[in-house]
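K.L.:
Just need the structure, nothing else, for what follows:
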Amino acid sequence: MRKIINKSPSRLIDMEFNIPIFNADTQMYKCIDVSEIASSPGGKDYTISLSEVKQNYAVPERINIDMFIPTTDANGEPAHVTMNEVRTKGDVVLTKVMVTKSKLSSLAGLKEVFYNMAKTM
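P.N.:
Purely as a prediction, here's the structure:
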């Protein structure tokens, strides 16, 4: 696993994540973009765009993961994470979770959250 020295979200670009959507246990997705959508005193909204690494599974070609990360954990406010299938007529929500902010603060934590989200479908 690559160690992230710079904590900028754009460092995720070109990284691959095992996201076993629809029980495709070894399916990998490659990060193609990370965008900060909004920032407020309460937190930040990000969208992580992922593209399928071609294998022999029938899975979505593109997925977006939308995250709201609260500014502080002091109130115990969880981060909201939504996984969407990207379609031409509009995105389809695949799954949603709420996790602690600390789970999203490391590459290993992100990988675990993405993996677990897909396994619950």
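
K.L.:
quick one: least confident helix or strand in the chain?
P.N.:
Lowest by mean pLDDT, DSSP states H and E among the helices and strands of the chain is strand 28-40, with a mean of 89.

K.L.:
Show me what it is packed against.
P.N.:
strand 16-18, strand 43-52 (3 or more Cβ pairs under 8 Å, 6 or more residues apart in numbering; DSSP states H and E). For the C-beta atoms, the positions are set from N, CA and C on the backbone; glycine is no exception.

K.L.:
wait, which of these is closest to residue 108?
P.N.:
For these, proximity to residue 108 was assessed by Cβ to Cβ; strand 16-18 is nearest, at 11.3 Å.

K.L.:
which residues touch that closest one?
P.N.:
26-31, 50, 53, 110-111, 114-115 (Cβ atoms under 8 Å, 6 or more residues apart in numbering).

K.L.:
thinking again about what came up before, which among the helices and strands packed on strand 28-40 is found nearest to residue 105?
P.N.:
strand 43-52 (12.7 Å).

K.L.:
what comes up buried for the closest one?
P.N.:
43-44, 46, 48-50, 52 (16 or more other Cβ atoms under 10 Å).

K.L.:
likewise stretch 60-78?
P.N.:
Buried residues in stretch 60-78 (16+ other Cβ under 10 Å): 60, 63-70, 77-78.
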